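In: next comes the sequence, and after it the predicted model I'd like to discuss.
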Amino acid sequence: MAKSGDVRVTITLECTSCTQDSVYKKFPGISRYTTRKNRRNTPIRLELNKFCPYCYKHTIHGEIKKRD
């Protein structure tokens, strides 16, 4: 049976280069992906190389805080 504190959590990955350039309003949006990670095996923030449709290239997408 699953315990009350789930080990797997849903996280949001956000493009790091879009967030830096969003001050200039150069891009219409910010690329975001959702994925799941195991909290026990990866306690640090996750960073993955994903495709950003606004930058038109592969960039680093970092884990952001959950907004409730």
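Out: On my side now, so go ahead. Bear in mind that the values here come from a model prediction, so they are computed numbers and not experimental data.
In: list phi and psi for Thr59.
Out: Dihedral angles of Thr59 (phi, psi; degrees, to the nearest 10) stand at phi -130, psi 170.
In: hey, what's it bridged with?
Out: Counting by DSSP bridges, Thr59 is bridged to Lys50.
In: ok, how many other residues are close to it?
Out: 17 (other Cβ atoms under 10 Å). In short, each C-beta sits where N, CA and C put it, glycine included.
In: residue contacts, it?
Out: Cys15, Thr16, Ser17, Cys18, Ser31, Asn49, Lys50, Phe51, Cys52 (Cβ atoms under 8 Å, 6 or more residues apart in numbering).
In: surely the first one touches Pro53?
Out: No: Cys15 is beyond contact range of Pro53, at 9.4 Å (criterion: Cβ atoms under 8 Å).
In: the more surrounded of these two?
Out: Set Cys15 next to Pro53 and count neighbours by other Cβ under 10 Å: Cys15 wins out with 25 against 12.
In: and the least confident of the contacts of Thr59?
Out: The lowest pLDDT within the contacts of Thr59 belongs to Cys18, with 80.
In: that's a helix at that one, yeah?
Out: Yes: judged by DSSP: H, G, I helix; E, B strand; the rest coil, Cys18 forms part of a helix.
In: shouldn't it be in contact with Ser31?
Out: Yes: Cys18 is within contact range of Ser31, at 5.8 Å (criterion: Cβ under 8 Å).
In: give the residues shared as contacts by those two.
Out: The contact lists of Cys18 and Ser31 share Cys52, Tyr54, Cys55, Thr59, where a contact means Cβ under 8 Å, 6+ apart.
In: narrow those residues to just the buried residues.
Out: When the shared contacts of Cys18 and Ser31 are checked for burial by 16 or more other Cβ atoms under 10 Å, the buried set is Cys52, Tyr54, Thr59.
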